[in-house]
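Next input, structure requested:
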Amino acid sequence: MKQLTNLSYSLTLLITLVLNVNCKEKTEKKMKEEPIKTATIERSEYGTTTDGKKVALFTLKNKGGIEVEIITYGGRITSLKSPDKEGNLKNVVLGFDNLAQYEEDNPYFGALIGRYGNRIAKGKFTIGDKEYQLAQNNGDNNLHGGLKGFDKQVWDAEISEGETSVSLILSYTSQDMEEGFPGTLETKVTYTLNDHDSLDVLYEATTDKATVVNLTQHAYFNLSGDFSKPILDHIVEIDADHYLPVDSGLIPTGELASVEGTPFDFRQPKMVGQDISVENEQLKLGGGFDHCWVLNNQSKGYREVASAYEPASGRYLEVFTDEPGIQFYTGNFLDGTLPAPTGNYEQRSGLCLETQHYPDSPNQSDFPSVLLEPGEKYMTKTSFKLSTK
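Numbers count the residues shown, from 1 in each chain. Modelled structure (predicted):
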């Protein structure tokens, strides 16, 4: 009887060992099949608009410490945290603390811009034999889509998760004649943060009637992470041999002017403040830099086009795009009236590098076309890559 008991115990022990081995092998196999995700995305509630629409906040993080916060109101980047050369994490884009501040008049902090980024002269354009009149919300001109552009809409949101990247997919349907633009425009913008420390922005749109489209992202960068400091010490490079001079309403004159020998030459890295105050009629008109640069190598498509470097922190921003132009804006119209995390946003506390087609393209036939026809697909990509040096 004792021998049977010992035998039973031995068999039980053997079975347990076999099961444990099998379990361990299955666990190890599962771990190999399902690698640990190095990028994450989380959703939380951000608030409710004055007209009762719920707004969500999405936080994207990667293994390098980059952390991006985006709200569905205007698809706005409200925070972009990046480590400096010592590993200190700070937010490097201008923004507000709450939804109410974003709903008030503000200079498009972190927003998606549409249907048409930048200015359209006199708010008018013609497609075929039909003229369309838009809101004149910037002097005589239409700016950034009008009175209630894409920056003031609540976008629908989905998420997509990979092993080394996460995406926030925002979509918005702009109805025919919304803000005066023809055609129902189905728009999708995908923000993707990956482990290469790049925030990619993919814009897509289709229409059921001929229309004009020019989407962009309006983040204001201050790579120091200290918004009380102006961006005059940032070192900027723009791969462009030409820029677009403007008239008194900041509408391009149609000329593609050489940057050679002018303050607009950023073909070699140059401190923003080096030439911003020199005697120059174009700088007077813009109150500083607020112009579109004609990017080189347009036939190559997606390529590196610009960069910004802040020496004290070591933060380095590279911009890649397939667009023909980039609006470099130095926060000239910030005037100290808008609240910052500490104090207020003073003049030139942020800079913008807005990839886009040229301003007023619908009225200037020599510029690359912004016309989108039914059956066509608008698609363009821009990336903001952060590092240190």
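
Hmm, Thr388 is touching Lys85, no?
Yes: using CB atoms under 8 Å, Thr388 is in contact with Lys85, at 4.4 Å. For every residue, glycine as well, the C-beta is placed using N, CA and C.

joint contacts of the two?
313-315 (CB atoms under 8 Å, 6 or more residues apart in numbering).

before we move on, the earlier item: between Thr388 and Lys85, which has more neighbouring residues?
Ranked by neighbour count (other CB atoms under 10 Å), Thr388 and Lys85 place Thr388 first, with 17 against 14.

Is Ala205 located within a strand, as I assumed?
Yes: counting by DSSP: H, G, I helix; E, B strand; the rest coil, Ala205 is located in a strand.

what bridges to it?
Beta bridges link Ala205 to Thr187, Tyr378 when assigned by DSSP bridges.

That one - how many residues pack around it?
Neighbours around Ala205, by other CB under 10 Å: 23.

what does the one 5 residues further on give?
The burial metric for Ala210, expressed as a neighbour count using other CB under 10 Å, is 15.

and what of Asp140?
Asp140 has 12 neighbouring residues, counting by other CB under 10 Å.

my guess is it meets Lys124, correct?
No: with contact defined as CB under 8 Å, Asp140 does not count as touching Lys124 (9.7 Å).

the strands in the stretch 151-300 of the chain, which residues?
156-161, 165-174, 185-194, 198-207, 211-212, 216-218, 235-238, 242-243, 257-258, 270-271, 290-294 (DSSP state E, counting those that start in this stretch).

So which elements touch the fifth one?
Pointing back at strand 211-212 there. In terms of contacts (3 or more CB pairs under 8 Å, 6 or more residues apart in numbering; DSSP states H and E), strand 211-212 is packed against strand 124-127, strand 371-372.

between these, which gets nearest to Asn214?
strand 371-372 (9.8 Å; CB to CB).

Do you know the pLDDT at Leu17?
At Leu17, the model reports a pLDDT of 52.

Point me to the helix or strand that includes Thr59.
When secondary structure is defined by DSSP states H and E, Thr59 falls within strand 54-61.

what does Asp97 give?
Going by DSSP H and E, Asp97 is not in any helix or strand.

what's the answer for the one 3 residues further on, then?
Secondary structure here is read from DSSP H and E; on that basis Ala100 sits in helix 99-103.

hmm, who's touching that helix?
Under CB under 8 Å, 6+ apart, the answer for helix 99-103 is 46-50, 55, 71, 73-74, 76, 78, 96, 109, 152, 339.

where's Gly325 relative to Gln356, distance?
Using CB to CB, to the nearest Å, Gly325 is found at 6 Å from Gln356.

okay, those two: which has more neighbours?
The neighbour comparison of Gly325 against Gln356 (other CB under 10 Å) goes to Gly325, with 29 against 24.

list the contacts for the more buried one?
Going by CB under 8 Å, 6+ apart, Gly325 touches 244, 292-295, 355-358.
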